[in-house]
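Visitor: Got a predicted structure plus its sequence, pasted below:
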Amino acid sequence: MVYSGDKQLTSQTIFPILWCATVVAIFRQGNQITKMERVKLTVRLPKQLHQTLRERAARSAQSLNRVIVDTLWRGLEREEAEPLSEYECTMAAIRKTGLVTTLGSEWDKYIEDAPDMTVEELREAMRGISPLSEDIIADRGER
């Protein structure tokens, strides 16, 4: 039994006090470590990605920074947990070159206005048009 001034402290009364003190100490230590380890970074994002992140932040009532950091952590954890498939690796490599990109919202009007076609209708519409590869070879000329 412990006495504090004129109050008697038992395990039932001291445990919550110690628990709170421990949580506060860990929190303070964590905040100091976090502040020391933070890095300010400027990143250029595609407008559509930025908009998507802002919308996610608004929906979750979190800061944009918090959403970006959490998303990056989840992406890294996913990579470590499950390796990318051959297709995902190939697409990632192609995206890095800039040859493939996600279409932005400016393309939505063209996609919405495009008629729905079956494969047979598309084949019929393309009949008589030379394959793109032949046009590329023709433009490139003899080697």
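Guide: Right, received. Where do you want to start?

Visitor: Show me how far stretch 89-101 is from its chain's centre.
Guide: 16 Å (Cα atoms, centre = their mean, to the nearest Å).

Visitor: next one: phi and psi at the spatially most central residue of the chain?
Guide: By Cα atoms, centre = their mean, the chain has its centre lying nearest to T71, at 4.3 Å. The phi/psi pair for T71 (degrees, to the nearest 10) reads phi -60, psi -40.

Visitor: burial count for the nearest residue to it once chain neighbours are set aside?
Guide: Nearest residue to T71, sequence neighbours excluded (Cβ to Cβ, 6 or more residues apart in numbering): L53, at 7.3 Å. For every residue, glycine as well, the C-beta is placed using N, CA and C. For L53, the neighbour count with other Cβ atoms under 10 Å is 16.

Visitor: Hmm, N65 and R54 touching each other?
Guide: No. Look at R54 against N65 with Cβ atoms under 8 Å: they stay out of range, at 11.3 Å.

Visitor: which non-adjacent residue is nearest S105?
Guide: Computed as Cβ to Cβ, 6+ apart, the closest residue to S105 that is not its neighbour in sequence is Q48, at 6.0 Å.

Visitor: for the record, mean pLDDT for the strand or helix carrying I137?
Guide: Per DSSP states H and E: I137 is located in helix 132-140. The average pLDDT within helix 132-140 is 87.

Visitor: residue contacts, the residue nearest to S105?
Guide: Q48 sits next to T102, G104, S105 when contact means Cβ atoms under 8 Å, 6 or more residues apart in numbering.
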